[in-house]
Structure formats: C-alpha cells, structure tokens
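**Student:** I need the structure of the sequence given here:
(2 chains)
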Amino acid sequence: MALRLFNTLSGKIEEFNPIDANRVRMYACGPTVYDYGHIGNFRTFIAVDLLYRFLQQHGYDVRYVMNITDVDDKIIRNSARDGVSVQQYTEKYIRAFLEDSATLSIEKPLLVRATEHITAMAEFIAKLEKKGFAYRTDDGSYYFRIAQFPAYGKLSKKDFGGMNDGARVDVDEYEKDSARDFALWKAAKAGEASWDTVIGRGRPGWHIECSVMSMEELGPSFDLHAGGEDLIFPHHENEIAQSESLTGQQFARHWFHARFLLVEGQKMSKSLGNFFTIRDLVLKGHRPSSIRWLLTQVPYRNPLNFTFDGLKSAASSVEKLRNFRFRLKSSQFTAGGNQAMSQLAEETVARIKSSLEDDLNTAEAQAAIFDMLRKVNSAMDAGEVRQDDLKPLLQALENFDAIFGVLNDDDKPKMRAILDWARTEGREQDISPELMEIAGLDQLTDERINQRVSEMEAARKSRDFKLSDAIRAELTAAGILVENTKDGVRWRRK
RNA sequence: GGCGCGGUAGCCAAGUGGUAAGGCCGAGGUCUGCAAAACCUCUAUUCGUGAGUUCGAUUCUCACCCGCGCCUCCA
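**Tutor:** The predicted model follows:
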C-alpha cells in the first residue's frame, strides 16, 4: 500500500512507511475526562479511527494507543466543587467517553490512563533533570528548560531563536527561568490530588503524560502521533522536546492533525449556543450513524461545517446505502454472471483504496461507492445483475463499510440507551419528540411482522385494498416499511 | 502583529493547467391499485474580487476582500 499522509512535522504530504515493515505503532491524544465529549472531539477521534481501520484493512498489524487524561486542573477543580474524589469524578466521564465512542462505532484503541503512570512520569522527570533539561523550583514544581532544546518549535514552525541567549540555570530562583518554560510537574497544594514520588509530592503536567505513556506502550520512536490541530502547540511541541531530550532519538515520525470543525459556519462555543455533545444530538432525534457519516464526509484536514441540514442529509445518504444493500440481499437474480458488474465492483474497491491512500480523501471514496450504487441499481432495474455478481458487489460494499462503519443499523438500541441515560440524569426536558418516536419503534417482533405482511398480501391478492392499506398503515406507524417489488413483498424497519 | 488554512451550484462538498466528482434538497418523468424503493432528465458557461503568466486558469503568481485556526494545558 502506498498511503500518503500530510505530516505536520515536514509540512508536506509524505508516503507513510512504518519503522517495522508490517507493523504500525500509533498514538492519539484522547480526552480529558472532565465533561461529556463534544462533536469536535469526535471529529478527531473518528478521523483517527478511519486511519486505524484503513491500515488494518490493508494488512498492517496496528498497535493503536490512546490516553485518557484523568487528572488536570479542571478535573481537580470540578471534583472539589462536587465534593467527590478525582477518581469518582472522572469515572463517570470515562464511561461516557467509552459509550459515546461505541455509539459512533469507533473501534476501541488500547486505552491508557494518566493516573496509572504517575511513577513513570516522575522517573522521567528525574532523568530529565539529571540531564539538565529540567529544573526544580522552590515550591517543588519542575519545569522543562526550552533553551536547552534548540529544535523547539520544529513542529509548530515557531521561531524561538531569540530566547536561547539569556536563559540560565538558577535553581534557587522561585520563578521559571524563562516564560516559555513549561511545567512538567506541579507541586502538591493543600486540598488537591497529589502523589508521592521520587521527585516529591505533586501531580504531573499535561504534556509529560503523553510522552511517558506513548513511549511506554510504543517505544522511544514510533510511527504516528495524532490529535486535534490545537494540540500542535504547545502540547505536541512539548512532547517532542521532553521525549527527544531524554532519548536522543526521534519521537514520533509522523504527526497527524485533524482540523477543527465549525457549527453552522461558526466556531463552536458554549456562548454561541452551538456546542453539542453526541448525547445532545441524539436527544434531538439524530441517529448516531448520521453523526458518524457527517463527520467522515469532509477530509480530515479541511474545515467541516457541521449543520443540522447536513445531519439530515447524512441520514438520507446512509439510508440510501442501507437500502442498496438490502435490495442486493433481498432480490432474486437469475443464474450466471455479468462481467460488467464484477468489474465494477473491482474498480470501486480500487477507487476507494486509491482515494483513501491520497491523504484519506473520504469524500472521493464516498463518491466512488455512490457511483457504484447508481450503476448497480440501474442494472438491477434493467434485470442485468446475475447471481454470481452478488458476492463481489456485496464485498465492495463491506469493504467500504469496514472503513466508514454506517451500514449496520444499530441506531435504535444506541438511541434508547441515551434516552435511558437522559432520564436517570434528569434531562427529560431535553428529550425530543423525534427521539421518542424513533425509540418507540421496533416494538414488533419479526414473527409478528411476517404474519401481518402475509395477511396484507392475502388482502392484496383478493383485491381487498381497504384491508391491505389498513395493515400497511398500521405497520408504517410501527416503523415498518413494506415494499412490493417485482420479486415479491419485502419489509424493513425504518 | 507572527505562522498556517480556506472561500466551488439552494445546502454540504471533491477536484484538475485543457474546459466542473459525489451527497442532500427541489422540479419533471418512468415504474406503480396505494405506498415505498429505484432509475432518467433538469438545477454552477462557472469555481470570493481584480490583475498577471499561458495557446488555454477554478487549478500557477501578485494584490485585495471575507472567514477560520494556532501564537499560556480548547479536539
């Protein structure tokens, strides 16, 4: 495979070649668990998920690690406010993160938690200090000395050249040596969570977590490091500085950053009222598959305008794909094969692959599947699809969905779970009629539906349209769509 | 101010130095007892504005306008 990806470090699109031929070691900065994740967080996680799935699909053995930041200023502040321990506080949001990820069909990475690696972080800092890259201040905090790492700024393309001059070591000084120096370790404060370590009592700074955990899980040098674009500076820049200072080796070779999304054309912010969590959207009646599809529609490096029109549009697109698969699986085909069809399937698979190889151009890959869909539907209308064509066509579709993950309709159970959550959280007022309607569907068993459908067919045969229409209306109200095709009757759940 | 990104049909949005993918919505049609699905046709002579390079630019260059991101822990 010749995957080409934009590398923030070089500022160019490069061929992605892992250090070990067939193995990829990658790391993504995960959530800080002080609140429910919002759609912006999940744009990034889905972008990395697509990359992860694509690499796996093409034969790579991928070790994908994601951290969970379960200690930071906000967490400490909020847990104190709520009168619970840091652990109790974060537990709720870690669970929520896992649930939301599953809701969006994100494949689970190997998750690592900051609070389970505190000892290693302290040891890392102690080594940095020994090497002269870190210093302790009077209060017991530790800082990284940027002046000691000349390459500082290479990721974010910032020039810090001017600051090498005046920087000196003065451990007796209470303040940081340089304003740019960043905290590696924060000394314990009364009433705040802290840990006893070789460098004293305190808690880690944010940047050190990712350096320590990524290297612990993936080694000093690994293939790819991902995150949102806002993390380029200072977070990732600082990770590079710490890690490479300690090991003398290149840290991550490839840096992958997802662009921020806009909501209705504006930056997402709480003050604008356009700040949405996954749960907010589901409570409004939007399906998880619509959200996932919308977030995959725009290539990860382009701004994505997240709109409610777009969400509805995404729902239609997903339904069209699902209908297509349903039609393939439920139609009768005559024996034999149509070479044009198997060739089309083959071309589509190739086109999807080459689109994604091109810096994960998801828009192109989606265009490819829709082109196939239209051509095959057209051929089915004309009776030109044969039994042997089914397998390659379905395979092309599954191949696509192995990346995009929207074909299997598990939206309703996921939505019902969020409905239940809203009730236990006292958010009944946020439950929309749309959600109630969708959640109320699927009450009929397959058996019952089959029975009613055959009754409807019997009525149609005897031209009792009044009765057949009544049954149709009853089923429609229950979310069952009955379709009469030239191959006979079939039904599906809306 | 520094660095970077983007402005393409009603909406979302891809793309290429050679004459505009795909999805959604809308209109008309085919099929159809009804319904649904599907298909077909139509919907940007035009790609923020102005100038330049070129046989030819949406695609390259310059300027300008607009929007966005980062520049003290926000994906």
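**Student:** how many neighbours does whichever residue of chain A sits closest to RNA strand B have?
**Tutor:** Residue nearest to RNA strand B within chain A: A:Gly228 (1.2 Å; C-beta to the nearest atom of the strand). Bear in mind the C-beta positions are built from the backbone N, C-alpha and C, glycine included. By the criterion of other C-beta atoms under 10 Å, A:Gly228 has 20 neighbours.
**Student:** how near is it to A:Ala335?
**Tutor:** Remark: distance between A:Gly228 and A:Ala335 (C-beta to C-beta, to the nearest Å) = 53 Å.
**Student:** Ok, A:Asp420 next?
**Tutor:** For A:Asp420 relative to A:Ala335 (C-beta to C-beta), the value is 49 Å.
**Student:** which regions of chain A sit below the pLDDT cut-off?
**Tutor:** Applying pLDDT under 70 to chain A picks out residues A:161-175.
**Student:** Domain map for it?
**Tutor:** Domain ranges of chain A: A:21-258, A:263-404, A:441-493, per automatic domain parsing.
**Student:** Switch these over to TSV; also include distance to A:Gly11.
**Tutor:** Shown next, in TSV, are the domains of chain A (distance: least, C-beta to C-beta, whole Å):
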stretch	distance to A:Gly11
domain A:21-258	7
domain A:263-404	12
domain A:441-493	48
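**Student:** The ones you listed: which one's closest to A:Glu425?
**Tutor:** Ranking those by their distance to A:Glu425 (criterion: C-beta to C-beta) puts domain A:263-404 first, at 9.0 Å.
**Student:** Pull the number of nearby residues for A:Glu483.
**Tutor:** 14.
**Student:** what do you get for A:Pro150?
**Tutor:** By other C-beta under 10 Å, neighbour count at A:Pro150 equals 11.
**Student:** Tell me where the stretch 351-494 of chain A has strands.
**Tutor:** Along the stretch 351-494 of chain A, counting by DSSP state E, counting those that start in this stretch, strands occupy A:480-485, A:488-493.
**Student:** can I get those strands in JSON lines with distance to RNA strand B?
**Tutor:** Listed next are the strands of the stretch 351-494 of chain A as JSON lines, based on distance: least, C-beta to the nearest atom of the strand, whole Å:
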{"stretch": "strand A:480-485", "distance to RNA strand B": "4"}
{"stretch": "strand A:488-493", "distance to RNA strand B": "8"}
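**Student:** Including distance to A:Leu397, could those go into a markdown table?
**Tutor:** Formatted as a markdown table, these follow (distance: least, C-beta to C-beta, whole Å):
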| stretch | distance to A:Leu397 |
| --- | --- |
| strand A:480-485 | 19 |
| strand A:488-493 | 16 |
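**Student:** Please name whichever of these is nearest to A:Asp49.
**Tutor:** strand A:488-493 (26.3 Å).
**Student:** other SSEs contacting the closest one?
**Tutor:** Judged by 3 or more C-beta pairs under 8 Å, 6 or more residues apart in numbering; DSSP states H and E, strand A:488-493 is in contact with helix A:308-330, helix A:446-461, strand A:480-485.
**Student:** Out of the ones you listed, flag the one nearest A:Ile471.
**Tutor:** helix A:446-461 (4.1 Å).
**Student:** contact partners of the closest one?
**Tutor:** Residues external to helix A:446-461 that are found in contact with it (C-beta atoms under 8 Å, 6 or more residues apart in numbering): A:444, A:465, A:467-468, A:471-472, A:474-475, A:480, A:482, A:484, A:489, A:491.
**Student:** Save those as a markdown table, and put in neighbour count too.
**Tutor:** Listed next are those as a markdown table, based on neighbours: other C-beta atoms under 10 Å:
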| residue | neighbour count |
| --- | --- |
| A:Leu444 | 17 |
| A:Phe465 | 11 |
| A:Leu467 | 15 |
| A:Ser468 | 20 |
| A:Ile471 | 19 |
| A:Arg472 | 20 |
| A:Glu474 | 13 |
| A:Leu475 | 19 |
| A:Ile480 | 20 |
| A:Val482 | 18 |
| A:Asn484 | 14 |
| A:Val489 | 13 |
| A:Trp491 | 17 |
